[in-house]
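S.K.: Just the structure for this:
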Amino acid sequence: MDMTIDFPGGARVDAHFGPFTVQTDQPPQAGGEGSAPTPFALFQASLATCAGIYVLGFCRQRGLSSEGIRLVQRTVPDPATNMVGRVELDIQVPPDFPEKYHEALIRTASQCTVKKHMEHPPAFEVRTVVVG
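M.R.: Next comes the predicted model:
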């Protein structure tokens, strides 16, 4: 999939792909207006929502209600690098959610495509291309 990134003003940076536009901004203390999430927040959200898609699919396949289920994600920094050292994901289920599915939910959420790409990262190639 190709994405086109542009700069609509201020510290905003938008990504365009297919019929979608994803807007990002920086907080005021970093020179932005705080009008949209930061790119890193979107990265974190992509991980959590990907796991959520897998959990939702698990419930749908088994005819289980997803009502009352929430995922809570925390990132724990590595003190040596100040980068993400660990990602913790809690799948909160209501009391009436069948206990026999608890471990299966964990296995299902762990199949998230975004998580798998983090575990086996692609090679990156960044270059400039003169156009026009």
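
S.K.: Break down this structure into its helices, ranges please.
M.R.: Along the chain, counting by DSSP state H, helices occupy 39-62, 102-109, 113-119.

S.K.: Other residues contacting the first one?
M.R.: In this structure, residues lying in contact with helix 39-62 by CB atoms under 8 Å, 6 or more residues apart in numbering are 13, 22, 24, 37, 64-66, 69, 71, 73, 75, 87, 89, 91, 101, 104-105, 108-115, 118. Yep, even glycine has a C-beta here, placed from its N, CA and C like the rest.

S.K.: Just name the shakiest helix or strand of this structure by mean pLDDT.
M.R.: Scoring the helices and strands of the chain by mean pLDDT, DSSP states H and E places helix 113-119 at the bottom, with a mean of 94.

S.K.: so what does that one touch, helix or strand wise?
M.R.: helix 39-62 (3 or more CB pairs under 8 Å, 6 or more residues apart in numbering; DSSP states H and E).

S.K.: How about the least confident helix or strand of the chain, which residues are buried there?
M.R.: Residues 114-115 are the ones in helix 113-119 that count as buried (16 or more other CB atoms under 10 Å).

S.K.: what comes into contact with it?
M.R.: For helix 113-119, using CB under 8 Å, 6+ apart, the contacting residues are 46-47, 50-51.

S.K.: Of the contacts of helix 39-62, which count as buried by neighbour count?
M.R.: Buried members of the contacts of helix 39-62, counted by 16+ other CB under 10 Å: 13, 24, 37, 69, 71, 89, 91, 105, 108-109, 112, 114-115.

S.K.: Not counting sequence-adjacent ones, nearest residue to T108?
M.R.: Once flanking residues are discounted, T108 sits nearest to F58: 4.4 Å by CB to CB, 6 or more residues apart in numbering.
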